[in-house]
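Undergrad: here's a sequence, model it:
(one chain, ligands or ions: 1)
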Amino acid sequence: LAQLYGPLNNLGYIYRSVNQSLVDTEKLLQLLNEPTEVNDKPNAPDLIVSNGEIEFENVSFTYDGRQAALKGVSFKVPKGGAVALVGESGAGKSTILRLLYRFYDLKDGEGRITVDGQDIRDVTQESLRKAIGVVPQDSVLFNASIAYNIGYGKFGATQEELEEAAKAAQMHDRILTFPEGYDTKVGERGIRLSGGEKQRVAIARTLLKNPPILLLDEATSALDTSTERDIQKALQNLVQGRSSLSIAHRLSTISSADLILVLKDGHIIEQGSHKQLLELNGAFATMWADQITASEDPVDIPTKEVVE
Ligand code: ATP
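TA: Numbering: from 1, shown residues only. Purely as a prediction, here's the structure:
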């Protein structure tokens, strides 16, 4: 996919929507490693988002027809609610995000996923994806100005809107240190940004896109404390007032989630608030204790700041 960015880079409006979905879905596609095969039904209507309420109703799913990736998963993301997914590798976290984004359609008997009461299989993919903002683990930037990279979240965005989004994403002050400010070229042929900075650009872009629903995949790579703090602040600004589903690797970042789902082998084995799950003293409490122990022995990780 990365090779596609170069040629598409400087083309006009017609490719902006293509670029948009390429970047939004890039991480999920990488995980998926295969093209989407979902087709809209004839004359499918557009999704109408009123509240952005998401519901998974008894969802089971298999990629290969043999092993179940999800088994009887039910949960709700209420209007503006934050739901976090945790669990070991292979538990089914990414599968939940992929299904909501409609990389696959559920078959009859595999349950139902709805947004504001509409089965997502019945509406157009385009309208569904327009309503969803994705912040992947590793955001890819175009070899273009930082303004372009933020601005294609919204066609025709003004400089004021760009700056407002960059401020909320904790990136504005950093951009002002670049030689040509918002006109500075970033990417392989310009200034190289750190992973944390790229993620904040993706957050700014998504703030401009202003979707009612968010899918977030927290970076697994360790970030230094101040970058981590900036990203958390940026994410707080982003999730505010939107329904969000996040994959969390660091349990400390989701203590304020409305609902945490603990997944194992495709099942939800525990669910509740951070406090409730600690009181339950089960799998989540064990994971929490393990992460606390690990963080008591901090490793000094150098920041990958601007290299060129
Ligand atoms: P991680 O934290 O490692 O990303 P995860 O919780 O997101 O893991 P999923 O990627 O949702 O887990 O995977 C759930 C199950 O589905 C796993 O058993 C995985 O091997 C399987 N799986 C995932 N993608 C595919 C695929 N494209 N084809 C076949 N099986 C897959």
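Undergrad: how many residues are close by residue 64?
TA: Per other C-beta atoms under 10 Å, the neighbour tally for residue 64 reads 7. Heads up, the C-betas are built off the backbone N, CA and C, glycines and all.
Undergrad: what separation do you get for it and the ligand?
TA: Going from residue 64 to the ligand by C-beta to the nearest ligand atom, to the nearest Å gives 5 Å.
Undergrad: average pLDDT for stretch 180-199?
TA: Averaged across stretch 180-199, pLDDT comes to 90.
Undergrad: how long is that stretch end to end?
TA: Taking C-alpha to C-alpha, to the nearest Å as the measure, stretch 180-199 stretches 21 Å from start to finish.
Undergrad: going forward, the N-terminal residue is numbered 42.
TA: Yes, from this point I'll number from 42; that puts the last item at stretch 221-240.
Undergrad: which parts of that stretch are buried?
TA: 223, 226-228, 231-240 (16 or more other C-beta atoms under 10 Å).
Undergrad: biggest separation within the residues you listed, which pair?
TA: 223 and 236 (20.9 Å; C-beta to C-beta).
Undergrad: so where's this structure uncertain?
TA: Counting by pLDDT under 70, the chain has low-confidence residues at 42-77, 261-263, 337-349.
Undergrad: hmm, residue 81 is touching residue 165, no?
TA: Yes: the pair residue 81 / residue 165 is scored as a contact, 5.2 Å apart, by C-beta atoms under 8 Å.
Undergrad: give the contact list for the residue positioned nearest the centre of the chain.
TA: Nearest to the mean C-alpha position of the chain, by C-alpha atoms, centre = their mean, lies residue 257 at 2.4 Å. For residue 257, the contacting residues are 175, 176, 276, 280, 285, 286, 287, 288, by C-beta atoms under 8 Å, 6 or more residues apart in numbering.
Undergrad: give me that answer again for 6 Å
TA: 176, 287 (C-beta atoms under 6 Å, 6 or more residues apart in numbering).
Undergrad: that one sits in which helix or strand?
TA: Element membership of residue 257 [criterion: DSSP states H and E] is strand 254-258.
Undergrad: next helix or strand past that strand?
TA: Past strand 254-258, the next helix or strand by DSSP H and E is helix 266-280.
Undergrad: quick check: closest non-adjacent residue to the most far-flung residue of the chain relative to its centre.
TA: No residue in the chain has its C-alpha farther from the mean C-alpha position than residue 220, which lies at 30.1 Å (C-alpha atoms, centre = their mean). Sequence neighbours aside, residue 232 is the residue nearest to residue 220 in space, at 7.9 Å (criterion: C-beta to C-beta, 6 or more residues apart in numbering).
Undergrad: quick check: the one you found vs residue 182, distance?
TA: 10 Å (C-beta to C-beta, to the nearest Å).
Undergrad: now residue 144. Its backbone dihedrals?
TA: phi -70, psi -20 (degrees, to the nearest 10).
Undergrad: same deal with the one 10 residues further on?
TA: Per-residue torsions, residue 154: phi -120, psi 130 (degrees, to the nearest 10).
Undergrad: ranges for the helices of the protein?
TA: Listed in chain order, the helices of the chain (DSSP state H) span 43-49, 54-73, 134-141, 166-171, 187-192, 200-209, 213-217, 236-250, 266-280, 315-321, 324-336.
Undergrad: residue 321: how many residues sit nearby?
TA: With other C-beta under 10 Å as criterion, residue 321 counts 14.
Undergrad: spell out which parts of the chain neighbour the ligand.
TA: 73, 104, 105, 110, 128, 130, 131, 132, 133, 134, 135, 136 (C-beta under 6 Å from any ligand atom).
Undergrad: what about those, which one has the most neighbours?
TA: Counting by other C-beta under 10 Å, top hit in the residues of the chain next to the ligand: residue 136 with 25 neighbours.
Undergrad: hmm, that residue is touching residue 110, no?
TA: Yes: shown here, residue 136 and residue 110 form a contact pair, counting by C-beta atoms under 6 Å, at 4.6 Å.
Undergrad: which residues do these two both contact?
TA: In contact with both residue 136 and residue 110: no residue, using C-beta under 6 Å, 6+ apart.
Undergrad: what about residue 313, distance to residue 224?
TA: 48 Å.
Undergrad: my bad, residue 265
TA: Counting by C-beta to C-beta - residue 265 and residue 224 are separated by 28 Å.
Undergrad: go on, residue 95?
TA: Taking C-beta to C-beta, one finds residue 95 at 39 Å from residue 224.
Undergrad: no more questions from me, cheers.
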